[in-house]
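A.B. asks: Model the following, please.
(2 chains, ligands or ions: 2)
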Amino acid sequence: MLNYVLKRLAVGVLVIISASIVLFSIMQLMPGDPIRMVADPRLPPHRIEELKRAWGLDKPAYVQYLYWMKNLLRGDMGTSIATGQPVGYLIASRLPYTLLLAGTAMVVRYLIGVPLGLIAALRQGTKLDRLLVMATTMLMMIPGYWFAILLMMVFAIKLRWLPISGFQGPASLVLPLMTMVLPGIGGTLRVTRSEVLDTAREPFVLTAHAKGLSARAVQVYHILRNALIPVTVSFFLNLPWLISGSVIIENVFAWPGMGRLVWGAIQSQDLPVVQGVFVMITALTVVCNIVGDIVAGLLDPRIRVEIEEARE
Amino acid sequence: MAAKLLEVSGLEVQFDTSSGPVRAVRGVSFDIAEGEVLALVGESGCGKSTTALSILRLVPRPGEITGGRIVFDGVNLLDLDECSMTQYRGKQISMIFQNPLVALNPVYRSGFQVQEAVMLDKVPPDRAWRAALNVLKQVRLPDPEDRARSYPHELSGGMRQRVMIGMMISRFPRLLIADEPTTALDVTIQAQILDLLDDLRHEKRMSLLIITHDLGVVADIADRVGVMYAGALVETGDVTEVFEKPLHPYTQLLLKALPRGPKNELRLESIPGGVPNLSNLPPGCPFHPRCQRRLDICSKVEPETLEIHPGRTVRCHLVGGESFWKR
Ligand SMILES: Nc1ncnc2c1ncn2[C@@H]1O[C@H](COP(=O)(O)OP(=O)(O)OP(=O)(O)O)[C@@H](O)[C@H]1O
Ligand SMILES: [Mg+2]
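C.D. replies: Ligands and ions are numbered 1, 2, ... in the order given. Purely as a prediction, here's the structure:
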């Protein structure tokens, strides 16, 4: 198991490196340059050249990249061109807010979606089943920002129940959370529903009935127990998507997380910050995938074997 | 003759598919006496498994039992509510399935799956575990202590089928249904599993309903045989009688045209013509398009089941009717 995790981590590092190269190239291709974005436009050209030299921006792109990588390996993510603060510090101050929002959203989504999926599966083909599937599908089709604005208008402006934006304690969490949770419930409901229905058709379920277990016992110990393995794993595989997806939501609600940080950084072409956030998100993705694999192995002995065999 | 343990009469099962209703079982009647072995044979898709599953009332959706009676020890199982039916499954009647690779739950240790069955009889867990080990010994699983702690995927097909058999006999059922219990296994293992089933049903005084493609198995293990075609039983009788003097042209073809396989076993080979489509049966006898001895009436009227003497039935215009007695 340990070997397997190490191997996966090594692959993860490669993924992070290639992703950062791709992002670095994209940033290079963008028009404009960061110095002009932050510096006073009246500065004489030779001062601008000086500044560029100070930030290392006069060097060829690959040299800049290698510098950045060398520092990253030492744990130094660079300095923000716009504010002069260390990128590591900026991310560290924002990351908890993003994790709080995305993590809570994910947990709430599954706490609602999984039971609804179970109900839909157990009541398959009834009006209730169709209603659940239809309602959550409609929620899925509403664009996130539109939804956010609607919620703001209703709960913050009309009813004045909740703060409109920013972070002022737990109440501020409600609207961004709803924006992130509601569209996702449909996906979780569908996965749960179809996994339960697929498992119910497995021959071992027939065996469980034939040996005399009650319908309830078959449902719990043979259908749900097996169907919830892929559902649980999907939790960890979906988490990175939600983290990346929070960029827009964080901006709409002025949520002080990484999404807001990176949005501002992109606009001012603050390359070190963009790179830093991007690497962070890639790393989180890699970790979530590994955790998903480990959890799958813990829940399913067959996958455990695959994992054991994969270490060679 | 021993008392009848199971009496199935006029069983009808229908699958309501999107392309119309499929009559998978059409008026099937047979019985099994205490301690008797009945074999059901027939080509793929003729309704053998559906008949067997009906007895446990486990026909999968969209299938439904639409008629008939299944009387077990004096009780019509079709009258019971779901909860009372559970009392019969595993305890009075249990069933082993064709493919042991998928019939065990992959996430539980094999011993637990036996223990789980034993515990249904209110046996405390530790005693149930010992009982499970004991049963696994009886089904001749090598190293039962170790294998009980293995997951199904860690066992060979033969071992899994032994676990399956152990699980299904652990509550001392009076009738064991075995749906092609050896089809998915290696030839050498097949013989071992059959021997095991034969020994167990003697030891435990169980009745056995065995479904098979293999006429060799029928000859080896069964007392009586039922031949199914297109959802109906076309002939039943004592194995020796049916093998020596088959009455239905389909049975005759089965027994005659068969090449002898390895170890002299008889196998069902494809008989010229295809199996009819159960959602769209030809009028008259469903076998008439493939029958070499068909009469005019065969394409018009489906024959009734005729009882030649108790326990010997046939469903064919050639038997009974005028033509039969004239010959
Ligand atoms: N789930 C289902 N949905 C629709 N029709 C079905 C279903 N299961 C079985 N049938 C129909 O019932 C018929 C009988 O099926 P059954 O499985 O009982 O046959 P069988 O004799 O056991 O065949 P085999 O030797 O292949 O196991 C099939 O021909 C098929 O048309
Ligand atoms: Mg079958």
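
A.B. asks: Now stretch B:169-185 - C-alpha only, CSV.
C.D. replies: Only the C-alpha atoms of stretch B:169-185 are listed here, as CSV (Å, rounded to 0.1, in the frame of the first residue of the first chain):
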residue,chain,number,x,y,z
ILE,B,169,-27.1,-26.4,2.7
SER,B,170,-26.1,-24.7,6.0
ARG,B,171,-29.7,-24.3,7.1
PHE,B,172,-30.7,-27.9,6.3
PRO,B,173,-33.2,-27.2,3.5
ARG,B,174,-35.5,-30.0,2.4
LEU,B,175,-35.2,-29.1,-1.3
LEU,B,176,-32.1,-27.9,-3.0
ILE,B,177,-32.4,-26.4,-6.5
ALA,B,178,-29.2,-26.5,-8.5
ASP,B,179,-29.3,-24.4,-11.7
GLU,B,180,-26.6,-25.7,-14.0
PRO,B,181,-24.2,-26.0,-11.0
THR,B,182,-21.2,-27.2,-13.1
THR,B,183,-21.6,-25.4,-16.4
ALA,B,184,-19.1,-22.7,-15.5
LEU,B,185,-16.5,-25.1,-14.2
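
A.B. asks: That one: which residues count as buried?
C.D. replies: For stretch B:169-185, the neighbour count (16 or more other C-beta atoms under 10 Å in any protein chain shown) marks B:169-171, B:173-182, B:184-185 as buried. Every C-beta, even on glycine, is put in place using the N, C-alpha and C of the backbone.

A.B. asks: Then stretch A:62-79?
C.D. replies: Buried-residue list, stretch A:62-79, by 16+ other C-beta under 10 Å: A:64-65, A:68, A:72, A:77-79.

A.B. asks: Likewise for stretch B:15-32?
C.D. replies: B:15, B:22-32.

A.B. asks: Considering the buried residues of stretch A:62-79, which is situated nearest to ligand 1?
C.D. replies: Closest approach between those and ligand 1, by C-beta to the nearest ligand atom: A:Leu72, at 57.5 Å.

A.B. asks: B:Leu56: neighbour count?
C.D. replies: If you count neighbours by other C-beta atoms under 10 Å in any protein chain shown, B:Leu56 ends up with 23.

A.B. asks: gap between it and ligand 1?
C.D. replies: Distance, B:Leu56 to ligand 1, using C-beta to the nearest ligand atom, to the nearest Å: 13 Å.

A.B. asks: Looks like that residue contacts A:Ala210 (just checking).
C.D. replies: Yes - applying C-beta atoms under 8 Å as the test, B:Leu56 and A:Ala210 come out as touching, 5.9 Å apart.

A.B. asks: what do those two both touch?
C.D. replies: Listed contacts common to B:Leu56 and A:Ala210 are B:89, B:95; contacts here mean C-beta atoms under 8 Å, 6 or more residues apart in numbering or on different chains.

A.B. asks: could you redo the buried residues of stretch B:15-32 as JSON lines and give each row pLDDT, secondary structure and distance to B:Asp214?
C.D. replies: Shown next, in JSON lines, are the buried residues of stretch B:15-32 (pLDDT from 0 to 100; DSSP: H, G, I helix; E, B strand; the rest coil; distance: C-beta to C-beta, whole Å):
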{"residue": "B:Phe15", "pLDDT": "95", "secondary structure": "strand", "distance to B:Asp214": "26"}
{"residue": "B:Val22", "pLDDT": "92", "secondary structure": "strand", "distance to B:Asp214": "26"}
{"residue": "B:Arg23", "pLDDT": "92", "secondary structure": "strand", "distance to B:Asp214": "26"}
{"residue": "B:Ala24", "pLDDT": "93", "secondary structure": "strand", "distance to B:Asp214": "22"}
{"residue": "B:Val25", "pLDDT": "95", "secondary structure": "strand", "distance to B:Asp214": "22"}
{"residue": "B:Arg26", "pLDDT": "94", "secondary structure": "strand", "distance to B:Asp214": "24"}
{"residue": "B:Gly27", "pLDDT": "93", "secondary structure": "strand", "distance to B:Asp214": "26"}
{"residue": "B:Val28", "pLDDT": "95", "secondary structure": "strand", "distance to B:Asp214": "21"}
{"residue": "B:Ser29", "pLDDT": "95", "secondary structure": "strand", "distance to B:Asp214": "24"}
{"residue": "B:Phe30", "pLDDT": "95", "secondary structure": "strand", "distance to B:Asp214": "19"}
{"residue": "B:Asp31", "pLDDT": "94", "secondary structure": "strand", "distance to B:Asp214": "23"}
{"residue": "B:Ile32", "pLDDT": "95", "secondary structure": "strand", "distance to B:Asp214": "20"}
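
A.B. asks: that older thread, JSON lines please, covering the buried residues of stretch A:62-79 and showing pLDDT and secondary structure.
C.D. replies: Shown next, in JSON lines, are the buried residues of stretch A:62-79 (pLDDT from 0 to 100; DSSP: H, G, I helix; E, B strand; the rest coil):
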{"residue": "A:Gln64", "pLDDT": "83", "secondary structure": "helix"}
{"residue": "A:Tyr65", "pLDDT": "85", "secondary structure": "helix"}
{"residue": "A:Trp68", "pLDDT": "83", "secondary structure": "helix"}
{"residue": "A:Leu72", "pLDDT": "84", "secondary structure": "helix"}
{"residue": "A:Met77", "pLDDT": "83", "secondary structure": "coil"}
{"residue": "A:Gly78", "pLDDT": "84", "secondary structure": "coil"}
{"residue": "A:Thr79", "pLDDT": "85", "secondary structure": "strand"}
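
A.B. asks: Intersect these with the contacts of ligand 1.
C.D. replies: Among these, no residue lies close to ligand 1 (C-beta under 6 Å from any ligand atom).

A.B. asks: Show me what from the stretch 201-312 of chain A comes close to chain B.
C.D. replies: A:201-204, A:206-215, A:221-222, A:225-226, A:229, A:299-302, A:305 (C-beta under 8 Å from any C-beta of the partner chain).

A.B. asks: quick one: least confident of the buried residues of stretch B:169-185?
C.D. replies: Within those, B:Ala184 has the lowest pLDDT, namely 83.

A.B. asks: so which helix or strand takes in that residue?
C.D. replies: Remark: B:Ala184 resides in no helix or strand, with elements defined by DSSP states H and E.

A.B. asks: Also B:Pro21?
C.D. replies: strand B:20-33.

A.B. asks: residues in contact with that strand?
C.D. replies: B:1-16, B:38, B:47, B:50-51, B:54, B:63, B:68, B:175, B:207, B:209, B:226, B:228, B:230-233, B:236, B:278-281, B:305, B:313.
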